[in-house]
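Chemist: below are the sequence and a predicted model for it; my questions follow.
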Amino acid sequence: MVGSVPPAVCPAAAAILTVPLPRRPLDPDGPDAPADLIRGWYENELGWPTVPGEPVRLLVGERFDVLDVPAEAGLAALRRLAPDSPVALWGDRMRLLVAAGGAEEVPGILRWLEWGALPLDLTAIGAGELVEAPLPPSGESPGEDAGEGPCRGQGRGAGPHRPGPVQGAAVWLRPPVAGREAEASLPTMSALGGVGGAPDLVRLVDTLATHCHRVRLRRASAQPLAFS
């Protein structure tokens, strides 16, 4: 199944990624938002467990698990998610939320798909682990065409009237919505062959593995040759 690597979806994606704008943080000062404000939003509005200390961190494994991949690979996999599946950006990394218990399925899925022997930059974060809480979104609208992938959104980068993501902070690309059960939109193993609206975890992992592999090969080919 691994075989040769097909060409990228579009030439521009290999050169410059245009990341759809995340929502801006609740506090105008961004990374200096009070921890209790952030913690209150997660615990009171979403019902997501956090742990004491700063920065605010979310407890993984109760409401969701997390797949951590290069942002380029994550952007290519957005089509495998439901429109309201929460997705976060942290620097050049993307974190996609999947159903609780999904992280422990990932190694077996990769072996079944014949990706297990390759060094993929794909990390599954599961029960008992912690992730930094992205800054809560404001009431501003999220970036347009968030689910279009890196090619269709070209030219929508930060501009004079569209400030970019907060530097050095995790931010929501597709934020969870208070009052909605995010779990119903998360990729899960049970979606395979089912009739529900949840995305299929196997297809998502296969897409992520494919694009993680492409990213790794592209980076390797860009490295200068070393001569002794």
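Modeler: Looks like it arrived, so ask away.

Chemist: any idea which helix is longest in this structure?
Modeler: helix 201-222 (DSSP state H).

Chemist: quick one: low-confidence ranges for the chain?
Modeler: For the chain, the stretches with pLDDT under 70 are 1-33, 139-168, 191-197, 223-228.

Chemist: ok, and the closest non-adjacent residue to Glu105?
Modeler: The spatial neighbour of Glu105 that comes closest, neighbours along the chain excluded (Cβ to Cβ, 6 or more residues apart in numbering), is Met189 at 5.6 Å. (Glycine included, C-beta is placed from N, CA and C.)

Chemist: ok, Leu110 next?
Modeler: Gly116 (4.7 Å).

Chemist: what count of nearby residues applies to that neighbour?
Modeler: Other residues within reach of Gly116, judged by other Cβ atoms under 10 Å, total 13.

Chemist: could you do Gly108 as well?
Modeler: 12.

Chemist: before we move on, what about Val51?
Modeler: So Val51, with other Cβ under 10 Å, has 11 neighbours.

Chemist: quick one, phi/psi of the closest residue in space to it that isn't next to it in sequence?
Modeler: Using Cβ to Cβ, 6+ apart and skipping the chain neighbours, the partner closest in space to Val51 is Arg57 (5.2 Å). Main-chain dihedrals, Arg57, degrees, to the nearest 10: phi -120, psi 150.

Chemist: His211 touches Ala76, doesn't it?
Modeler: Yes. Checked against Cβ atoms under 8 Å, the pair His211 and Ala76 is within contact range at 4.4 Å.

Chemist: any idea how far Ile125 is from the closest residue to Glu43 other than its chain neighbours?
Modeler: Among residues not flanking Glu43 along the chain, Thr50 sits closest, at 6.0 Å (Cβ to Cβ, 6+ apart). According to Cβ to Cβ, to the nearest Å, Thr50 stands 15 Å off from Ile125.

Chemist: same check on Pro107?
Modeler: From Pro107 to Ile125 the distance is 13 Å (Cβ to Cβ).

Chemist: higher neighbour count, these two?
Modeler: Ile125 (20 against 12).

Chemist: Ser138 versus the residue nearest to Arg180 when sequence neighbours are not counted, what's the distance?
Modeler: Computed as Cβ to Cβ, 6+ apart, the closest residue to Arg180 that is not its neighbour in sequence is Asp84, at 7.0 Å. Taking Cβ to Cβ as the measure, Asp84 falls 18 Å from Ser138.

Chemist: touching, Gly128 and Val51? I think so.
Modeler: No. Taking contacts as Cβ under 8 Å, Gly128 lies outside contact range of Val51: 10.8 Å.

Chemist: neighbours around Glu62, how many?
Modeler: Using other Cβ under 10 Å: Glu62 sits among 13 other residues.

Chemist: got it, and Arg174?
Modeler: 26.

Chemist: repeat for Leu217
Modeler: Neighbours of Leu217 (other Cβ under 10 Å): 11.

Chemist: Arg111 versus that one, what's the distance?
Modeler: In terms of Cβ to Cβ, Leu217 sits 21 Å off from Arg111.

Chemist: give the bridge partners for the residue nearest to Val51, please.
Modeler: Val51, Glu132 (DSSP bridges).
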